[in-house]
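Peer 1: Next comes the sequence, and after it the predicted model I'd like to discuss.
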Amino acid sequence: MSGLEVRGLQVAFGEREVLHGVDLTVEPGAITGLVGESGSGKSLTALAALGLLPRGARVNGGEILLDGKLLVAQRVDAAGSVRGSGIAMIFQSPRAALDPLLRAGRQVERVLRRRGMSRWDASERMLSLLSSLGMQDARQVARLYPHELSGGMCQRVVIAMAIASEPRVLLADEPTTALDVTVQAEILDLLDELRERTGMGTLLISHDLSVVAERCSVMSVMREGRIVDHGQTADVLRNPQQPFTADLVRDLLVTS
Ligand SMILES: Nc1ncnc2c1ncn2[C@@H]1O[C@H](COP(=O)(O)OP(=O)(O)OP(=O)(O)O)[C@@H](O)[C@H]1O
Ligand SMILES: [Mg+2]
């Protein structure tokens, strides 16, 4: 199968297992939603796929495949490097993902240079990436340091870095949580447009069911380290299989 497949993933911090056999699929050209309460294991699942589990965490079981190729086998140490493997991630806190001492443009260029681009080409490509992400004055933004950027701008720079590597799968961990509603919609439109244009598969992690309901064709619901509901988004919302999902859907109906 093509795309990203997580099968039976178990992750533990020491003796404490926090992911108890997670199954998740991100198909090319589709946006898969992953929702669940705080601490349910959404970020850990994505980090495991990238080989970037936090210190002290290890994969105890299961496997992760990209286009049918094994990425993280059982008992492979958490720090295994799968970067440059075709998966990119937008981290939950964009500002923290940026180097505070480096101008925004340089950080995007650095990703491109690592892919073997010349300084000149990287600079041109960086500017066109920032422009394509809705920055009117990309040249000026590129010269700013992270602390000089608004939340929305920070998020765009982080997205530019993620897509600079032309990933086949993008893991977007709460890409819009810190942003106001208008900017949130703009960023989600961007991701949608990218998916359409490049056929990139996207995992959209959110605790906000309304975002997932609107943007994702398929969705999974996570709770306490397990996937408790999964399917076509419309089906999951219409006919939740778990009391937990039914509660989420009820909350959504109340607040919208
Ligand atoms: N560095 C760490 N050390 C110990 N336990 C951790 C660490 N990071 C995460 N955990 C534990 O793993 C579980 C899953 O965490 P994770 O960050 O994946 O949750 P999440 O679903 O992304 O939550 P949120 O919606 O708040 O981002 C939690 O119970 C958390 O306590
Ligand atoms: Mg998280």
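Peer 2: Ah, there it is. Ligands and ions are numbered 1, 2, ... in the order given.
Peer 1: Show me which residues of the stretch 51-200 of the chain sit near ligand 1.
Peer 2: By C-beta under 6 Å from any ligand atom, the part of the stretch 51-200 of the chain that sits against ligand 1 consists of P54, G56, Q92. Heads up, the C-betas are built off the backbone N, CA and C, glycines and all.
Peer 1: Quick check: closest non-adjacent residue to the last one.
Peer 2: In other words, Q92. Excluding the flanking residues, the one nearest Q92 by C-beta to C-beta, 6 or more residues apart in numbering is D173, at 4.4 Å.
Peer 1: ok, M117 to M153 distance?
Peer 2: 23 Å (C-beta to C-beta, to the nearest Å).
Peer 1: what about those two, which has more around it?
Peer 2: M153 (20 against 17; other C-beta atoms under 10 Å).
Peer 1: Looks to me like that one is in a strand.
Peer 2: No: secondary structure assignment places M153 outside any strand; it is helix (DSSP: H, G, I helix; E, B strand; the rest coil).
Peer 1: what's the burial count for the residue nearest to it when sequence neighbours are not counted?
Peer 2: Nearest in space to M153, with sequence neighbours left out and distances taken as C-beta to C-beta, 6+ apart, is V141 at 6.3 Å. When neighbours are defined as other C-beta under 10 Å, V141 has 21 of them.
Peer 1: Going forward, count from 669.
Peer 2: With 669 as the first residue, the last one maps to V809.
Peer 1: Residue of the stretch 769-918 of the chain nearest ligand 1, please.
Peer 2: Residue of the stretch 769-918 of the chain nearest ligand 1, by C-beta to the nearest ligand atom: H875 (5.1 Å).
Peer 1: got the contact list for that residue?
Peer 2: V703, G704, E705, S706, K710, E842, T845 (C-beta atoms under 8 Å, 6 or more residues apart in numbering).
Peer 1: Just the buried ones from those residues?
Peer 2: Among the contacts of H875, the ones that count as buried by 16 or more other C-beta atoms under 10 Å are V703, G704, K710, E842, T845.
Peer 1: Run through the residues that contact the fourth one.
Peer 2: This means E842. When contacts are taken as C-beta under 8 Å, 6+ apart, E842 is in contact with Q760, I873, S874, H875.
Peer 1: just to revisit the earlier point, test my guess that the residue nearest to M821 contacts R771.
Peer 2: No: V809 is beyond contact range of R771, at 9.5 Å (criterion: C-beta atoms under 8 Å).
Peer 1: For this structure, give me the ranges with low pLDDT.
Peer 2: 740-753, 924 (pLDDT under 70).
Peer 1: all helices for it, in order.
Peer 2: Remark: helices assigned in the chain by DSSP state H are 710-718, 762-765, 772-782, 787-800, 806-810, 819-832, 849-866, 877-883, 901-906, 911-923.
Peer 1: beta partners for V694?
Peer 2: Listed by DSSP bridges, the beta-bridge partners for V694 are L672.
Peer 1: From ligand 1, how far out is it?
Peer 2: Computed with C-beta to the nearest ligand atom, to the nearest Å, the distance linking V694 and ligand 1 is 16 Å.
Peer 1: That residue and I755, how far apart?
Peer 2: V694 is 9 Å from I755, by C-beta to C-beta.
Peer 1: Which residues are in contact with the residue nearest to M821?
Peer 2: V809 neighbours (C-beta under 8 Å, 6+ apart): A772, G773, L798, M803, L817, M821, V825.
Peer 1: quick one: which of the residues you listed is nearest N728?
Peer 2: The closest of the contacts of V809 to N728 turns out to be V825 (C-beta to C-beta; 35.4 Å).
Peer 1: The closest one: neighbouring residues, count only.
Peer 2: For V825, using other C-beta under 10 Å, the count is 27.
Peer 1: Run a quick neighbour tally on the spatially closest residue to it that is not a sequence neighbour.
Peer 2: Leaving aside its sequence neighbours, V825 sits nearest to A772 (C-beta to C-beta, 6+ apart; 4.7 Å). Residues lying near A772 (other C-beta under 10 Å) number 28.
Peer 1: Fine by me, thanks again.
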